[in-house]
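Trainee: pasting a predicted model and its sequence here:
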2 protein chains.
Amino acid sequence: MESPARQISLVPAPDRRQSETALAVARGTARLLWSLGFSCISELPLPSGRRADLVALNERGEIWIVEIKSSVEDLRADQKWQDYRMHCDRLFFAFTQDLPCEIFPEGTGLIIADAYGAHLHCEAPEHRLPAATRKSMTVRFAMAAAQRINRLVDPQGHAEF
Amino acid sequence: MESPARQISLVPAPDRRQSETALAVARGTARLLWSLGFSCISELPLPSGRRADLVALNERGEIWIVEIKSSVEDLRADQKWQDYRMHCDRLFFAFTQDLPCEIFPEGTGLIIADAYGAHLHCEAPEHRLPAATRKSMTVRFAMAAAQRINRLVDPQGHAEF
């Protein structure tokens, strides 16, 4: 019998678009971000409705977004990165192997990751968020993280409105 | 054999100061806060090191703190509430039974709760946080909530520094 713990759907939310590789890259990247002083959550919806793969926040209130890419084709097909960029101080792509920094859109960085860790391969330039966007992103991050805990601890009490 | 799910220590963090009653009041209060548009986390450490029982945040960035009291004596013995008040827009006490609003410190409110729900018995006046305190509390809330998820999903990768 499958244990109860395995039946709990937590984070990252298991949607069918996520491959095993993407989940591994997310884990390794989250470990890197943690070592850099950031806490992160996965699959955070932005105001546009698009979901950022990983959003990271540090004590100074800085916000990074990391988009996980499974292939160069996946990267080239991405038309959404400017939306992500408008909602963070730095935007990175995370990938499983070294790629030349030049193939990434200008103003983005590259993280190389596996399931156990990651490293910052190409630094991303900082483009500071306007104060109002930073505030709304921080509140959005905070409420999403707290809701995920609440739904886990007390699912009956925290259904969707 | 106890199931793996039961062995996961989540939120509220199980410290020995929390009674079953306090946990029940926390659950009912969290449900009320959720119905009012707030997400909350339990046991959030403040800069002083004191831990607020419940901290709640809504989309407008408003922050409420709720301190759970097990008895009138517990309330009277509380010398810490002014520290809590300095870190929220409204401060409430939560209790299991109706009490006259007058016995609570001026400027605080009262929530009556059981394990299944709660109601706002005495409204708390608003004392708006300074912007810098609001920002630091929001970041503190967000990072704590995200860390709790991360430690649950990937305990090896998110040990204390």
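Mentor: Looks like it came in fine. None of the values given here were measured: they were computed from a predicted structure. Residues are numbered from 1 along each chain as shown, chains lettered A, B, ... in the order given.

Trainee: show me the residue at the heart of chain A, geometrically.
Mentor: residue A:54 (0.5 Å; CA atoms, centre = their mean).

Trainee: that residue: what secondary structure?
Mentor: Assigned by DSSP: H, G, I helix; E, B strand; the rest coil, the conformation of residue A:54 is strand.

Trainee: please tell me how far residue A:29 sits from chain B.
Mentor: Distance, residue A:29 to chain B, using CB to the nearest CB, to the nearest Å: 10 Å. C-beta coordinates here come from the backbone N, C-alpha and C atoms, glycine included.

Trainee: one more: residue A:95?
Mentor: Counting by CB to the nearest CB, the gap from residue A:95 to chain B is 19 Å.

Trainee: strands of chain A, start to end?
Mentor: Assigned by DSSP state E, the strands in chain A fall at A:38-45, A:51-58, A:63-68, A:90-95, A:109-114, A:117-122.

Trainee: so can I have CSV of these showing mean pLDDT?
Mentor: Putting the strands of chain A into CSV (pLDDT from 0 to 100) gives the following:
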stretch, mean pLDDT
strand A:38-45, 97
strand A:51-58, 97
strand A:63-68, 96
strand A:90-95, 95
strand A:109-114, 94
strand A:117-122, 93
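
Trainee: thinking again about what came up before, pretty sure the residue nearest to the centre of chain A contacts residue A:65?
Mentor: Yes. Here residue A:54 reaches residue A:65: they are 6.9 Å apart, a contact under CB atoms under 8 Å.

Trainee: what's the longest helix in chain A?
Mentor: helix A:131-153 (DSSP state H).

Trainee: list the buried residues for it?
Mentor: A:134-153 (16 or more other CB atoms under 10 Å in any protein chain shown).

Trainee: ok, back up a step: neighbours of the nearest residue to the residue nearest to the centre of chain A once chain neighbours are set aside, how many?
Mentor: Of all residues not flanking residue A:54 in the chain, residue A:66 sits nearest, at 4.2 Å (CB to CB, 6 or more residues apart in numbering or on different chains). Per other CB atoms under 10 Å in any protein chain shown, the neighbour tally for residue A:66 reads 32.

Trainee: quick one: contacts for residue A:66?
Mentor: A:29, A:33, A:40, A:53-54, A:56, A:91-94, A:111 (CB atoms under 8 Å, 6 or more residues apart in numbering or on different chains).

Trainee: rerun at 7 Å
Mentor: Shown in contact with residue A:66 (CB atoms under 7 Å, 6 or more residues apart in numbering or on different chains): A:29, A:53-54, A:56, A:92, A:94, A:111.

Trainee: which one of those sits closest to chain B?
Mentor: Nearest to chain B out of these is residue A:56 (CB to the nearest CB; 8.5 Å).

Trainee: how about the residues of chain A near chain B?
Mentor: Within reach of chain B by CB under 7 Å from any CB of the partner chain, chain A has these residues: A:3-5, A:8, A:10-11, A:27, A:30-31, A:34, A:39-41, A:57, A:59, A:61, A:135, A:138-139, A:141-143, A:145-150, A:152-154, A:157-158.

Trainee: switch the cut-off to 8 Å
Mentor: A:3-5, A:8, A:10-11, A:27, A:30-31, A:34, A:39-41, A:57-59, A:61, A:135, A:138-139, A:141-143, A:145-150, A:152-154, A:157-158 (CB under 8 Å from any CB of the partner chain).

Trainee: burial measure for residue A:86, as a count.
Mentor: 17.

Trainee: list the contacts for it?
Mentor: So residue A:86 contacts residue A:133 (CB under 8 Å, 6+ apart).

Trainee: now do the one 3 residues further on
Mentor: For residue A:89, the set of contacting residues under the criterion of CB under 8 Å, 6+ apart consists of A:62-64, A:126-129.

Trainee: with residue A:112 instead?
Mentor: A:94-98, A:118-119, A:121.

Trainee: closest one to chain B out of the residues you listed, please.
Mentor: residue A:118 (10.5 Å).

Trainee: across the sheet, point out what pairs with the closest one.
Mentor: residue A:113 (DSSP bridges).

Trainee: where's it relative to residue B:122, distance?
Mentor: Here the distance between residue A:118 and residue B:122 works out to 50 Å (CB to CB, to the nearest Å).
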